[in-house]
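A.B. asks: below is the sequence, then the predicted model.
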Amino acid sequence: MSTDTSIEAHKKQREIIFSKTVSERFMMGMDMSDFGIQLVIDNLKKNSSREPLKIQLIKRLYGKDFSPEEMEQIVNHFKNR
């Protein structure tokens, strides 16, 4: 737990979240994921890179998950589409 959140506030957050249905919690997670991806896209758009946004996004989101060789194959796949 983060030290900037009081125990009472943390308990209230959990209470609110777990009062939701499974479907509502799932949708909250999807909304947060979409929001995070949109933040990354907005940041990438500020770049002056000539690389297509799709390629920049793949590199930003998955660049540390693959070896340089694997990432090159993935990028080439999307460049050739």
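C.D. replies: Sure, I can see it. Numbering: from 1, shown residues only.

A.B. asks: show me what the biggest helix by length in the chain is packed against.
C.D. replies: The helix that spans the most residues within the chain, counting by DSSP state H, is helix 22-45. The criterion is 3 or more C-beta pairs under 8 Å, 6 or more residues apart in numbering; DSSP states H and E, and the helices and strands that helix 22-45 contacts are helix 7-18, helix 53-62. C-beta coordinates here come from the backbone N, C-alpha and C atoms, glycine included.

A.B. asks: pLDDT below threshold where in the chain?
C.D. replies: Regions of the chain meeting the criterion pLDDT under 70 cover residues 1-2.

A.B. asks: circling back: most packed of the helices and strands packed on helix 22-45?
C.D. replies: Of all the helices and strands packed on helix 22-45, helix 53-62 carries the top mean neighbour count, a mean of 15, counting by mean count of other C-beta atoms under 10 Å.

A.B. asks: that one: what's the following helix or strand?
C.D. replies: Proceeding N to C from helix 53-62, the next assigned helix or strand is helix 68-79, under DSSP states H and E.

A.B. asks: tell me the angle that following helix makes with helix 53-62.
C.D. replies: Interaxial angle of helix 68-79 relative to helix 53-62 (axes from the mean of the first three to the mean of the last three C-alpha atoms, to 10 degrees): 150 degrees.

A.B. asks: residue numbering should commence at 243 henceforth.
C.D. replies: Okay, using 243 as the starting number, the last item reads as helix 310-321.

A.B. asks: what residues of helix 310-321 count as buried?
C.D. replies: Within helix 310-321, the residues that qualify as buried are 313, 316, 317, counting by 16 or more other C-beta atoms under 10 Å.

A.B. asks: from residue 296, how far off is the first one?
C.D. replies: Spelled out, it's residue 313. Distance of residue 313 to residue 296, computed by C-beta to C-beta, to the nearest Å: 14 Å.
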